[in-house]
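Engineer: fold the following.
(one chain, ligands or ions: 1)
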Amino acid sequence: MTAFLDGLKWDKNSLVAVIVQHIDTGEVLMQAFADRAAISETMQTGTCWFREASLSAPHAAADAAPSTDAGASAPCVAHEGHHEAPEHVPRTTLLALERTIAQRREALAKPSDGSKPSWTARLLGNPELLCKKIREEAGELCQTLEANEGRERAASEMADLLYHSMVLLNLQAGPPRGVEMEEVLRVLRKRFTQSGLEEKAARPPKA
Ligand SMILES: N=c1c2ncn([C@@H]3O[C@H](COP(=O)(O)OP(=O)(O)OP(=O)(O)O)[C@@H](O)[C@H]3O)c2ncn1[C@@H]1O[C@H](COP(=O)(O)O)[C@@H](O)[C@H]1O
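Structural biologist: Numbers count the residues shown, from 1 in each chain. Predicted structure coming up:
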């Protein structure tokens, strides 16, 4: 399977992008391939080249913060090249957001330059407020189902919960700093092959 994918470089790259950006679609695609392990290995080792779609304008690519995306008219390819290029990190939506959060954290360590206030910075400096918001947002997400608030509201509350949870990940201790989204995605990918019920049944008994 890996050899087959290696022969289809462009398609392989697209496939990885689709899997990463659309977990649901990705899961269906993965099930369509007999050798899931090979796909997973391919995703983890990356590809030797890339074309990266971004909602930001090409000139804004160096700092592809999601907050600058609002006025973008149409998606465009902002990056193209080889993974060997220095400091290239493929950016999906979640990874772009993760980067913005990390930038806010880095800015906190520097003397204030009078830049505009940041909600992320406030959360990073106040773990108690952060945890309160996460619990609140989780409750609001549940309420969208319980009170039948509709798709738009559900998506919005999920976005709130994801964002605030990602700020929490950044604050986790341990080198180099925080827990990376890639670690979370890796855990999810590993679970593709096992039902939650099977996984729970296989756990060693609690002491
Ligand atoms: N994704 C988000 C994001 N989602 C939610 N929020 C903020 O989280 C806060 C939520 O607090 P609220 O008390 O208003 O809670 P709420 O549940 O939305 O509102 P209620 O239901 O309580 O009325 C609001 O200020 C939102 O704007 C976010 N703030 C920032 N981001 C991302 O982080 C980037 C950097 O933001 P700053 O750090 O503020 O520059 C932004 O460009 C975004 O990409």
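Engineer: buried ones in the host helix or strand of Ile134?
Structural biologist: For Ile134, the host element (DSSP states H and E) is helix 127-146. Residues of helix 127-146 classed as buried by neighbour count (16 or more other Cβ atoms under 10 Å): Leu130, Lys133, Ile134, Glu137, Glu140, Leu141, Thr144. All C-beta spots, glycine's among them, are computed from the backbone N, C-alpha and C.
Engineer: so, low pLDDT: which residues of the protein?
Structural biologist: Residues of the chain meeting the criterion pLDDT under 70: 1-91, 113, 175-176.
Engineer: which residue ranges of it form helices?
Structural biologist: Secondary structure of the chain (DSSP state H): helices at 2-6, 9-21, 23-32, 36-45, 93-108, 119-124, 127-146, 151-171, 181-191, 196-201.
Engineer: returning to that earlier point: distance to Lys200 added to the buried residues of helix 127-146, as a markdown table?
Structural biologist: Converted to a markdown table, the buried residues of helix 127-146 look like this (distance: Cβ to Cβ, whole Å):
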| residue | distance to Lys200 |
| --- | --- |
| Leu130 | 29 |
| Lys133 | 29 |
| Ile134 | 24 |
| Glu137 | 26 |
| Glu140 | 28 |
| Leu141 | 23 |
| Thr144 | 27 |
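Engineer: how about those, which pair is most distant?
Structural biologist: Largest separation among the buried residues of helix 127-146 by Cβ to Cβ: Leu130 and Thr144, giving 21.5 Å.
Engineer: show me what from the protein comes close to the ligand.
Structural biologist: Pro66, Ser67, Leu97, Thr100, Arg104, Ser118, Trp119, Thr120, Ala121, Glu140, Asp160, Tyr163 (Cβ under 6 Å from any ligand atom).
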